[in-house]
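1. Make a model of this:
(one chain, ligands or ions: 1)
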Amino acid sequence: MADGSQAAPAVRTTCPYCGVGCGVEARAGAGRSLAVAGDPAHPANRGRLCSKGMALGRTVGLEGRLLSPMIGARKAGWDEATALVARRFEEAIARHGPDSVAFYVSGQLLTEDYYAANKLMKGFIGSANIDTNSRLCMASAVAAHKAAFGADLVPGCYEDLELADLVVFCGHNAAWTHPVLFRRMEAARARGQKHVVVDPRRTDTAEGADLHLALAPQTDVRLWNGLLAELIRRGAVDRAYVAAHVSGFEAVEAALGQADQSPAAVAADCGVAQADLEAFYALFAATPRTVSLFSMGSNQSAQGTAKGLAIVNAHLATGRIGKPGACPFSITGQPNAMGGREVGGLANTLAAHMGFDQADRARVARFWGAPRVAEKPGLKAVEMFEAAHDGRIKALWVMATNPAVSLPNAGRVREALARCPFVVVSDCMADTDTARFAHVKLPALAWGEKDGTVTNSERRISRQRALFPPPGEACADWRIVAQVARAMGFGDAFGWGSPAAVFREHARLTAYENAGRPLDLSGLIGARYDGVEPVQWPARDGGGTERLFADGRFATSDGRARMVPVRPGPPAAPLSTGFPLSLNTGRIRDQWHTMTRTGLVPDLCRHAPEPFVEIHPADAAPLGIEDGALARVATALGEATVVARVTERQRRGGLFMPMHWTDAFAAGGKANPLVAGAVDPVSGQPEFKHTPARVRPYRETWRGFHLSRRPLAQPEGLDLVWRRIPHGACHQHEFAGRGGAEERERLRCSLAKGAAGELIRFEDAAGGAMREAYVAEGRLQSVLFTTTAGRLPPREWLAELFAEAALSPEARSALLSGRAPGAARDAGPVVCACLKVGVHVIAEAVAAGSADVDAVGRATGAGTSCGSCRPEIARMLAARPVSEEKRHAA
Ligand code: SF4
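-> All right, here's what the predicted structure looks like:
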């Protein structure tokens, strides 16, 4: 280093966001500063990170952290808080039985945390009422795996995504949700790999694909059944593989025969062009090396298990499984959804992939020395909160998740939390929408402080390592659970002193009396925990396993896979004249779940600063919905006001809203309170992808924004649209209302309360514009602009004034005039989060002649860092007007 000091050694750890499970090299510096880079030695990402991973270093501050146990509003010691939690759970169990208590846990937990919670609930409390938020993510894939393979087994590995000649993305916007994997497949595509996207939306994944099937909502089963029927007609079934390794083919074939499977009929039902459908079927039939990726778009459905089985059926019938470049591949959303599945974090699994039959219960009881192993599956996520609502659950412990935002029908979930007699929340953040309902809050470690293991979507176990010492009184989740278990009298079974001890116990359980269960970590039992290298299970004798079923043997009693007949069904809730549109919810590129971490990084809030709804122009026009205007989206459960994005990328008849915003960022723009609570009958996974809805313009009479050094909550007593958008040195608050001058004045007075310093003010009452700012000791403190004319200046240059040590005379004039000084320009919403390149800057580069993504990168820098924005730049390039000269040449 230039100053002669030694650089901190890099610690190899794992990204805490999506199911790709990228390896990270992290160097901690003074004052919790952190430099991160992709780990070139990690097989999942080979040195790459996406925009969220690149920003990890800016999420490790202590802002907003919960740093001591809280009982109500007062700080408490660990002993007191732990004793209270133990006592209230014991009282509920004594009075109402073990099924009167529940844990709702998270794919954010490490495997060791999960293991401890599962052991306490299922082995010592004696109930299986522990379920994970992974229920919302991939429970349908789990159910399909169990039915088809005999256990919850992901057959493939990431290398298959590169070896495949065809990748089918089924309800999977990999470009945004799993960006690093998508870049690996983009590279394969440059070598000739074909991409087919099955998705009602023209996502960035679909934009560059060879074929996009924008199917009607909930017609996936029809599409895949039609494919299998076509494969049978074409003679593309691998009869020898089926005869040797698969049962149920005849039953599936007979079931297919009960409906018209002609491409014309299937295309009509799916709402896609027959030629496109036939092109997909022909490509699939002709391509032995095919991987079918399925994710939330497939799983989050009342038909999610049937969709997974329909995909698996096509692969089993063609023998495309267990071979390089060929498999059905469920991709998880969360960083450790797989680890949760392994230890038994789902209410319908006991532990280590074992169930609730007598033999499994007896085996687990012997291993744990457990007095009362749960006898039957417990309540799944939606059922659990329904039970809290109707009074069956008397004590609930929520660990590392935010169900008040993330569950469907989230308003009812809030009612359930309010009604539950005793709610414990263990979290690293002090103030989440869920934590507001807690009677006891327990401070947990955050990423960068935790030490343990996670499993990614390809069954690869990696280490998360601590970079900083525990702050305040924060404690590892497994240790918190163990403390409560000891306070409940189960100390002997929860006496671990380290995460390594917990992991070894988990590994020993996977190997215990294991007569062929694939989940086998026996090779890791004696491994040096700190030195565990990323490894795919089964991991026997220290080595991992890339691909499952290579020998054609499955985890069923006879070793044969099962094909299961599945029939398309109608959506759980039909459209009606009152709610004629289908609301689909999902994720965006730069935010993670409920923004408790990514919302701390201003650069990650620039790509989509506000909640929005996408709507097709043909649906928007008759309703008077304009692009960029506010719109009210309503379902039978509630209403949200969000910005309309009118786009042909959205299928006609559908709406799309992202799910991330919370009370802290946009109380009136939340998506999940609108989502109906219908669930898949087998998996219990909620249907986030279809709720009947309607939309209408908001028709505000005025708009405004307020910039301040502190984040502000929505002003009470005013019925306004309100959002908060963080910047580097201030917070931007956007407002809109439908009242008159009195409403604006009440807001102004509310915001001016406590303001100090010199007031700079301009008002044009006739023109409906007002601008005022407070300056103290030469520095800008706050800015408020309102207008009734609908025009407000860009906010970026104003936000940058907060970073200045002293406000210049030019800046003062600009505040009054409402126009940026000098040559400041509006770069537009950020496309490249790493280098902060706005959409207008990229558009200028394209207009100036940058002809491909690399040329745009050379001109602007966009897309040259993590690459997550490259699909969006490609989309902008594809949409540019073609010159007359080029048109003639074409
Ligand atoms: S793709 Fe991005 S969010 Fe997912 S693990 Fe990798 S860096 Fe993290």
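
2. got the residues of the stretch 1-150 of the chain near the ligand?
-> Cys15, Tyr17, Cys18, Val20, Gly21, Cys22, Asn45, Leu49, Cys50, Lys52, Gly53 (CB under 6 Å from any ligand atom). Heads up, the C-betas are built off the backbone N, CA and C, glycines and all.

3. The fourth one touches His42, doesn't it?
-> No: here Val20 lies out of contact with His42, judged by CB atoms under 8 Å, at a distance of 10.2 Å.

4. Return the helix or strand in the chain with minimum mean pLDDT.
-> For the chain, using mean pLDDT, DSSP states H and E, the weakest element among its helices and strands is helix 884-889, scoring a mean of 50.

5. returning to what we had before: using JSON lines, lay out the residues of the stretch 1-150 of the chain next to the ligand together with neighbour count.
-> As requested, these are exported to JSON lines (neighbours: other CB atoms under 10 Å):
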{"residue": "Cys15", "neighbour count": "29"}
{"residue": "Tyr17", "neighbour count": "26"}
{"residue": "Cys18", "neighbour count": "26"}
{"residue": "Val20", "neighbour count": "28"}
{"residue": "Gly21", "neighbour count": "32"}
{"residue": "Cys22", "neighbour count": "27"}
{"residue": "Asn45", "neighbour count": "26"}
{"residue": "Leu49", "neighbour count": "28"}
{"residue": "Cys50", "neighbour count": "31"}
{"residue": "Lys52", "neighbour count": "25"}
{"residue": "Gly53", "neighbour count": "26"}
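
6. now, which of those residues lie within helices?
-> Among those, the ones falling in helices (DSSP state H) are Lys52, Gly53.

7. Tabulate the residues of the stretch 1-150 of the chain next to the ligand in CSV, adding columns for distance to Ala845 and pLDDT.
-> Listed next are these as CSV, based on distance: CB to CB, whole Å; pLDDT from 0 to 100:
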residue, distance to Ala845, pLDDT
Cys15, 30, 96
Tyr17, 30, 92
Cys18, 30, 92
Val20, 30, 96
Gly21, 34, 96
Cys22, 29, 97
Asn45, 28, 96
Leu49, 25, 95
Cys50, 22, 93
Lys52, 25, 92
Gly53, 26, 94
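
8. For the ligand, give me its nearest residue in the stretch 501-650 of the chain.
-> Residue of the stretch 501-650 of the chain nearest the ligand, by CB to the nearest ligand atom: Trp592 (7.1 Å).

9. Can you tell me how far that residue is from Thr585?
-> According to CB to CB, to the nearest Å, Trp592 stands 15 Å off from Thr585.

10. what residues are up against the residue nearest to His389 when sequence neighbours are not counted?
-> Leaving out its chain neighbours, the residue that sits closest to His389 by CB to CB, 6 or more residues apart in numbering is Ala416, at 3.9 Å. Contact analysis of Ala416 by CB atoms under 8 Å, 6 or more residues apart in numbering lists Phe385, Glu386, Ala388, His389.

11. go on, Glu804?
-> Arg779, Leu780, Ala811.

12. so which helix or strand takes in Glu186?
-> Using DSSP states H and E, Glu186 falls within helix 179-190.

13. who does that helix touch, helix- and strand-wise?
-> helix 158-163, helix 174-177, helix 870-878 (3 or more CB pairs under 8 Å, 6 or more residues apart in numbering; DSSP states H and E).

14. Enumerate the positions of that helix that are buried.
-> Pro179, Val180, Leu181, Phe182, Arg183, Arg184, Met185, Glu186, Ala188, Arg189 (16 or more other CB atoms under 10 Å).

15. Now the last one. Nearest residue, chain neighbours left out?
-> In this case it means Arg189. His195 (6.1 Å).
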